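[1] Got a sequence here, can you build the structure:
(one chain, ligands or ions: 1)
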Amino acid sequence: MPDSVVTRFAPSPTGFLHIGGGRTALFNWLFAKKHGGKMLLRIEDTDRERSTEAAIAAILDGLKWLELNWDGEVIHQYGLAARHREVAEQLLAEGKAYRCYATAEELAAMREKARAEGRTRLYDGMWRDRDPATAPAGVKPAIRLRAPLTGETVVEDQVQGRVVWQNENLDDLVLLRGDGTPTYMLAVVVDDHDMGVTHVIRGDDHLINTARQKQIYDAMGWPLPSMSHIPLIHGPDGSKLSKRHGALGIEAYRAMGYLPAALRNYLLRLGWGHGDQEIFSTEEMIAAFDIKDVGRAAARFDFAKLENLNGHYIRHSDDRSLVKMFEDVLDYVPGRAELKAKLNDGTRAQLLKAMPSLKERAKTLIELIDGADFIFADRPLQLDPKAQALLTPESRKLTGQLLSALEKVETWNAANTEAALRSFAEENSLKLGAVAQPLRAALTGRTTSPGIFEVLDVLGRQESLGRLKDQTTT
Ligand code: GLU
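    This next block holds a predicted model:
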């Protein structure tokens, strides 16, 4: 291991931070933390047409939400183009690269011929040894790497093992285009080198690029960083991850009410294991993580597992931080703006009181919000169809009797309302359940809720009695 480990996350801002990108960032972050190193962030915005400011903002926001903080300033690849050009010029000056004047038509014909002959080497080396003096007028040359024609390009990948390419199958790649813009291949190598990156951890869709990048490293005489290509995330059936199966931006997971800690834990466990341990605190993750333990098989995304894990994290979160998360997530949940407006010290205190019970039933923050709806409901309550059905004329009469019984409670709390309701049930030879159901419907507008005495306690005397009055017919 080098003295100081430097990893990097290098997203292209052509879309939002995808769940797979989040996992790549996590692995880079964990690896850096484990070795007391740094994780740098490089935005690969060289594709000017497809890169957007909105995507950059979403990536930064997604990483921050996942609590995967990078070290130092964000590096923008586009801003480093002059340095990329300088390296291409250096290779040119050293004879390790050359100018290629092939026209678009010539290149197209070359490609077609190669394909027809079943060759993967698409460029035929046309200008490799040709005298530039014979260059056609008006063609702006590209700069191509003078890649080895024979032998092998070998990379010892930490996840994929030894990967070997036959050089005869790799053509002389373009470093600088005719218009002077650097190619992605060149930019990545120069930046990783200049940033002092010691370990590259990225999706295995980039494995194919590694041979080309290794050739650039070799030409420059730079050491190749340690390479780890992690398998992509697939759908539960092994197919490419679809939207329905979770191919969403990180912000969608936030809006679905997942906790960052749960998502990190889930993403870690996707294709990486440590015995049969399922739950990892951040410290445990850092201690246990080793990139070499990442499997080579595609990881399969499983929403049900993520939900269960999230439920675990919610149950084990402290009540105050859940109130905070509840409040924060409202900005991202469509149609919940009105709830945000109802948050004040009073409702926050009610929420905190109800939290021990609410969190037992919620797998996501959305379920937590749904469970807490009764706190924020306006009088008279809108009853859901089940509650509506339950509140028959007869049970509305019962509600009236319960109202009178509860009005007598002096100090309003869960224990005293329980005592009052129990003695009411006894006196009237009713089961507690028969009393609790209409009460629940009248107090929450639903047929499921936290324990009824807790509901009474959370709502308080005035609101509880008011809600009962609203549903009472005498
Ligand atoms: N920018 C590339 C991507 O978003 C990653 C390149 C790399 O990690 O080397 O897929």
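
[2] and Gln213, how many neighbours?
    Residue crowding around Gln213 was assessed by other Cβ atoms under 10 Å; the count is 23. Just so you know, the C-beta spots here come from the backbone N, C-alpha and C atoms, and that holds for glycine as well.

[3] And for the one 3 residues further on?
    For Ile216, the neighbour count with other Cβ under 10 Å is 26.

[4] again with Ala297
    Around Ala297 there are 10 other residues, counting by other Cβ under 10 Å.

[5] Report the contact partners of it.
    With contact taken as Cβ atoms under 8 Å, 6 or more residues apart in numbering, Ala297 is in contact with Pro231, Gly271.

[6] gap between it and Gly273?
    12 Å (Cβ to Cβ, to the nearest Å).

[7] For the stretch 51-200 of the chain, which segments count as helices?
    Taking DSSP state H, counting those that start in this stretch as the test, the helices found in the stretch 51-200 of the chain are 53-65, 81-93, 104-116, 184-194.

[8] And the ones you listed: which comes nearest the ligand?
    Ranking these by their distance to the ligand (criterion: Cβ to the nearest ligand atom) puts helix 184-194 first, at 4.9 Å.

[9] So for the chain, the centremost residue is which one?
    Closest to where the C-alpha atoms of the chain average out (Cα atoms, centre = their mean) is Ile250, at 3.4 Å.

[10] Next one: it, what pLDDT does it get?
    Model confidence at Ile250, expressed as pLDDT, equals 93.

[11] For it, give me phi and psi.
    For Ile250, the backbone dihedrals (degrees, to the nearest 10) come out as phi -60, psi -40.

[12] Go ahead and confirm it touches Leu66.
    Yes: contact between Ile250 and Leu66 holds when scored by Cβ atoms under 8 Å: they sit 6.4 Å apart.

[13] list residues touching both of those two?
    Any residue near both Ile250 and Leu66 by Cβ under 8 Å, 6+ apart counts here, and that gives Gly22, Leu263.

[14] Leaving out chain neighbours, which residue sits closest to Asn416?
    Val409 (5.1 Å; Cβ to Cβ, 6 or more residues apart in numbering).

[15] Just want the residue of the stretch 301-450 of the chain that's nearest the ligand.
    Using Cβ to the nearest ligand atom, the single residue of the stretch 301-450 of the chain nearest to the ligand is Phe301, 18.2 Å away.

[16] tell me the contacts of that residue?
    Contact analysis of Phe301 by Cβ under 8 Å, 6+ apart lists Ile19, Ile233, His234, Gly235, Pro236, Leu241, His245, Gly246, Leu270.

[17] and if we set it to 6 Å?
    Contact analysis of Phe301 by Cβ atoms under 6 Å, 6 or more residues apart in numbering lists Ile233, Leu241, His245, Gly246.

[18] what's the pLDDT at it?
    Phe301 is assigned a predicted lDDT (pLDDT) of 91.

[19] burial of Asp331, as a residue count?
    11.

[20] my bad, should have said Pro356
    Applying other Cβ under 10 Å, we find 13 residues neighbouring Pro356.

[21] Likewise for Glu338?
    In terms of burial, Glu338 registers 10 neighbours under the definition other Cβ under 10 Å.

[22] And the helix or strand where it lies, what does it pack against?
    Here Glu338 is covered by helix 337-341, with elements defined by DSSP states H and E. Helices and strands touching helix 337-341, as assessed by 3 or more Cβ pairs under 6 Å, 6 or more residues apart in numbering; DSSP states H and E, are absent.

[23] residues in contact with it?
    Under the contact criterion Cβ under 6 Å, 6+ apart, helix 337-341 has outside partners Leu330, Phe376.

[24] Show me what the next helix or strand after it is packed against.
    Of the helices and strands lying after helix 337-341 in sequence (DSSP H and E), the nearest is helix 345-361. Contacts of helix 345-361 with other secondary structure elements, assessed using 3+ Cβ pairs under 6 Å, 6+ apart, are made with helix 319-329, helix 365-376, helix 452-470.

[25] can I get those helices in TSV with mean pLDDT?
    Conversion of the helices and strands packed on helix 345-361 to TSV gives the following (pLDDT from 0 to 100):
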stretch	mean pLDDT
helix 319-329	97
helix 365-376	97
helix 452-470	97
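
[26] a markdown table for those helices, including mean neighbour count and distance to the ligand?
    Supplementary listing: the helices and strands packed on helix 345-361 in a markdown table, determined by neighbours: other Cβ atoms under 10 Å; distance: least, Cβ to the nearest ligand atom, whole Å:
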| stretch | mean neighbour count | distance to the ligand |
| --- | --- | --- |
| helix 319-329 | 16 | 27 |
| helix 365-376 | 19 | 29 |
| helix 452-470 | 19 | 47 |
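
[27] Report how many residues lie close to the residue lying closest to Arg144 once chain neighbours are set aside.
    Computed as Cβ to Cβ, 6+ apart, the closest residue to Arg144 that is not its neighbour in sequence is Asp172, at 4.2 Å. Counted with other Cβ under 10 Å, the neighbours of Asp172 add up to 24.

[28] and Thr198, how far is that from the ligand?
    Per Cβ to the nearest ligand atom, to the nearest Å, Thr198 is found 14 Å from the ligand.

[29] May I ask you to confirm that that residue is in contact with Val6?
    Yes: A contact is recorded between Thr198 and Val6 when judged using Cβ atoms under 6 Å, the distance being 5.0 Å.

[30] next one: phi and psi at Met41?
    One thing to correct before we go on: residue 41 is Leu, not Met. Leu41 has phi and psi values of phi -120, psi 120 when expressed as degrees, to the nearest 10.

[31] Excluding residues flanking it in the chain, which one is nearest it?
    The shortest distance from Leu41 to any residue that is not its chain neighbour, by Cβ to Cβ, 6+ apart, is 3.7 Å, and that residue is Trp70.

[32] Next up, the contacts around the nearest residue to Ser51 once chain neighbours are set aside.
    Taking Cβ to Cβ, 6+ apart as the measure, Ser51 lies nearest to Asp45, with 4.1 Å between them; neighbours along the chain are not counted. Residues touching Asp45, when contacts are defined by Cβ under 6 Å, 6+ apart, comprise Pro13, Ser51, His76, Gln77, Tyr78.
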